[in-house]
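**Student:** Based on what follows, work out the 3D shape:
(2 chains)
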Number of protein chains: 2
Amino acid sequence: MTLLEFLASPRSVRHFTGRPVSREQIDQILDVARWTGSARNRQPWRFRAVTDKAVQQRLSHLGQYAGHLANAPVTLVLLSADDGHLDTAFDLGRVAQTISLAAHAAGLGSCLATLYPDDNVAEASRILGLEPGWRAQHAMSLGYPATSHRLSPSAIPAGRLPLTTLVTHQSPPRP
Amino acid sequence: MTLLEFLASPRSVRHFTGRPVSREQIDQILDVARWTGSARNRQPWRFRAVTDKAVQQRLSHLGQYAGHLANAPVTLVLLSADDGHLDTAFDLGRVAQTISLAAHAAGLGSCLATLYPDDNVAEASRILGLEPGWRAQHAMSLGYPATSHRLSPSAIPAGRLPLTTLVTHQSPPRP
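**Tutor:** Next comes the predicted model:
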């Protein structure tokens, strides 16, 4: 598999084997993710790796599609700086993508969930005992995939738009 | 270099050689990026690859740190759906990170810029002739790095917070 094929290959994984994921594995993944770029190098992120089933269960009720958080070996909560900066959500997406790819490189599957609406984000803060200034708006399931998620047409749960729809080239006008 | 080392290795590149980047290279990178996950698979992104120097020059004035867009072989504008969805900025960050990594895998350097404030985003829409419903809030320089950006202490322009600051593990309480 080439690097480009690797980068295109992660798919959301919502079902996991019982095989545990160690703290060392989580730290290894986050030690990669922390090098992700951010606007003005603010690094407006922190991470809470939750393996307490009771906490995972409560978090799984805080978003419409967050149910998978309950049964994952690890629920990794992505904390974002509550600073009003326009770039914060964008930068959180950047680091989330690095985490997905690093997990994939380590043989783990992942799936993102958004916690919302705001009442649920506030509830997540209480559950996690967050310090002021941080919000828990995104969380990720992490674990060993229960089934094969190799890149094959049948394993692709949802299609993607073709390049012709996505890309326009804007070259210099011809003289 | 392992996959994890690769994922941690991109650095912002703002200076480029004159070597051109072909449409085929851009399309190859975006053909990887289009597999990036997004909330409800909305894929709230489109891409405009600009090599028209006059257009690149105008875009480079639309953000405080956007100057590098003027001199890049390609300015890749990331268009985001102007739909009010909370997840759109986050998803744009995800795809931007895939693009940075795919460019890096292809030997190219990149640097992101934010276009702001809103007046400048509106001006970018006019310059690019965007259809209604799309915003140009982020753009990226792409090209062959002018200098070596190998991973070495001296090549790291800015540090990152240590894992101990970034990560908390929340395990089950001991009985």
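**Student:** what about stretch A:40-47, near chain B?
**Tutor:** Yes - applying Cβ under 8 Å from any Cβ of the partner chain, one finds that stretch A:40-47 is in contact with chain B at A:40-41, A:43, A:45-47. No exception for glycine: its C-beta is placed from N, CA and C like everyone else's.
**Student:** So which of the residues you listed is surrounded by the most neighbours?
**Tutor:** Neighbour tally across the residues of stretch A:40-47 next to chain B (other Cβ atoms under 10 Å in any protein chain shown): the maximum, 25 neighbours, falls on A:Trp45.
**Student:** Tell me the bridge partners for that one.
**Tutor:** Using DSSP bridges, the bridge partners assigned to A:Trp45 are A:Ser80.
**Student:** Next, find the distance separating the nearest residue to A:Pro20 once chain neighbours are set aside from A:Ser141.
**Tutor:** Nearest residue to A:Pro20, sequence neighbours excluded (Cβ to Cβ, 6 or more residues apart in numbering or on different chains): A:Pro73, at 5.5 Å. Using Cβ to Cβ, to the nearest Å, A:Pro73 is found at 8 Å from A:Ser141.
**Student:** Who has more neighbours out of these two?
**Tutor:** When A:Pro73 and A:Ser141 are compared on other Cβ under 10 Å, the one with more neighbours turns out to be A:Ser141, at 29 against 20.
**Student:** before we move on, the earlier item: mutual contacts of A:Pro73 and A:Ser141, please.
**Tutor:** A:Phe16 (Cβ atoms under 8 Å, 6 or more residues apart in numbering or on different chains).
**Student:** what about the helices in chain A?
**Tutor:** A:3-8, A:23-33, A:53-59, A:87-105, A:118-128, A:163-166 (DSSP state H).
**Student:** Tell me which of these approaches chain B most closely.
**Tutor:** Between chain B and the helices of chain A, the tightest spacing by Cβ to the nearest Cβ is seen for helix A:87-105, at 2.4 Å.
**Student:** Counting by contacts, list what the closest one packs against.
**Tutor:** helix A:3-8, helix A:23-33, strand A:45-50, strand A:74-81, strand A:109-114, strand A:134-143, helix B:3-8, helix B:87-105 (3 or more Cβ pairs under 8 Å, 6 or more residues apart in numbering or on different chains; DSSP states H and E).
**Student:** Wait, A:Phe47 touches A:Leu78, no?
**Tutor:** Yes - counting by Cβ atoms under 8 Å, A:Phe47 touches A:Leu78, with 6.4 Å between them.
**Student:** one step back: now do the contacts for the residue nearest to A:Pro20.
**Tutor:** A:16, A:18-21, A:51, A:142-144.
**Student:** show me what contacts A:Pro145?
**Tutor:** Per Cβ under 8 Å, 6+ apart, neighbours of A:Pro145: A:13, A:15-17, A:108-109.
**Student:** Closest one to chain B out of the residues you listed, please.
**Tutor:** A:Val13 (10.8 Å).
**Student:** coming back round to it: now the buried members of the contacts of A:Pro145.
**Tutor:** Neighbour-count burial (16 or more other Cβ atoms under 10 Å in any protein chain shown) applied to the contacts of A:Pro145 gives A:13, A:16, A:108-109.
**Student:** Include pLDDT and distance to A:Gln97 when you put these into a markdown table, please.
**Tutor:** What follows is those, written out as a markdown table (pLDDT from 0 to 100; distance: Cβ to Cβ, whole Å):
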| residue | pLDDT | distance to A:Gln97 |
| --- | --- | --- |
| A:Val13 | 94 | 15 |
| A:Phe16 | 96 | 20 |
| A:Leu108 | 97 | 15 |
| A:Gly109 | 97 | 15 |
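**Student:** Considering those, which is situated nearest to B:Ser125?
**Tutor:** Nearest to B:Ser125 out of these is A:Val13 (Cβ to Cβ; 37.5 Å).
**Student:** and the spatially closest residue to that closest one that is not a sequence neighbour, what are its bridge partners?
**Tutor:** Leaving aside its chain neighbours, A:Val13 sits nearest to A:Gly109 (2.6 Å; criterion: Cβ to Cβ, 6+ apart). Under the criterion DSSP bridges, A:Gly109 forms beta bridges with A:Gly143.
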